[in-house]
Every structure is written in structure tokens, then in C-alpha cells.
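> Next comes the sequence, and after it the predicted model I'd like to discuss.
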Amino acid sequence: VTVAGIALGLIVDDSIHLYFRYRQCPSGLSASEAMYRTLLLVAKPVATTSLAIAFGFALFVFSPFMPTVYFGLLLAITATASLGGVLVLFPALLV
């Protein structure tokens, strides 16, 4: 349950970042051109934060307590997968 809550928080945060930048694009652009410009601006910060979170939780593998190891691995995998969803699936749905 904790992993799901954190995963939803990551996805919502990154999606809101991308969505509001997309909405700020000039109205004369096509949807695909607006998304292209949005991804040029948003992909690096979103990827940086998601990967930093994934690497931070991946450090839990050094814990001697196995539930902590599993928790860290699940969150690292989830943060990486959510990054893929936000940068690939969400733009496709918006366009």
C-alpha cells in the first residue's frame, strides 16, 4: 500500500508538470508540435527527479533488513516505470 501511494504521488506530480507546460504552449500550434516543445522543456527535469528518487530508494538494497530491501527495490522499479509512463504514454493520451 505504501509503494502504491508513493507511486501515485510520483506519477501525479510528473503528469501535472507536463500537463501545465503543455497548456502554456501558444494556441496556434498543432497538438503534436505543442507536445514536442513541451517534452523538450519538461523531459529533463522530470527524468532527473524520477531517477534521483529511484536511485535513492535503490540504496535500500544495502539494508540488512529484507523488507526494507524489497521496499526499496519496488519503489526504484516503480519510479522508473512511472517515468516511462509519463514521458511516453501520457503525451500520447494528451495529443
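Received it, and whenever you're ready, just let me know what you need.
> what about the longest helix along the chain, average pLDDT?
Secondary structure of the chain per DSSP state H: the longest helix is helix 31-58. Average pLDDT, helix 31-58: 95.
> elements contacting that helix?
helix 2-23, helix 66-84, helix 90-94 (3 or more CB pairs under 8 Å, 6 or more residues apart in numbering; DSSP states H and E). C-beta coordinates here come from the backbone N, C-alpha and C atoms, glycine included.
> now for the shortest one, which elements pack on it?
So the one you mean is helix 90-94. Using 3+ CB pairs under 8 Å, 6+ apart: helix 90-94 touches helix 2-23, helix 31-58.
> Kindly report the same for the longest one.
Contacts defined by 3+ CB pairs under 8 Å, 6+ apart place helix 2-23 against helix 31-58, helix 66-84, helix 90-94.
> gap between the residue positioned nearest the centre of the chain and residue 90?
Of all residues in the chain, the one closest to the mean position by CA atoms, centre = their mean is residue 83, 3.4 Å from it. Using CB to CB, to the nearest Å, residue 83 is found at 11 Å from residue 90.
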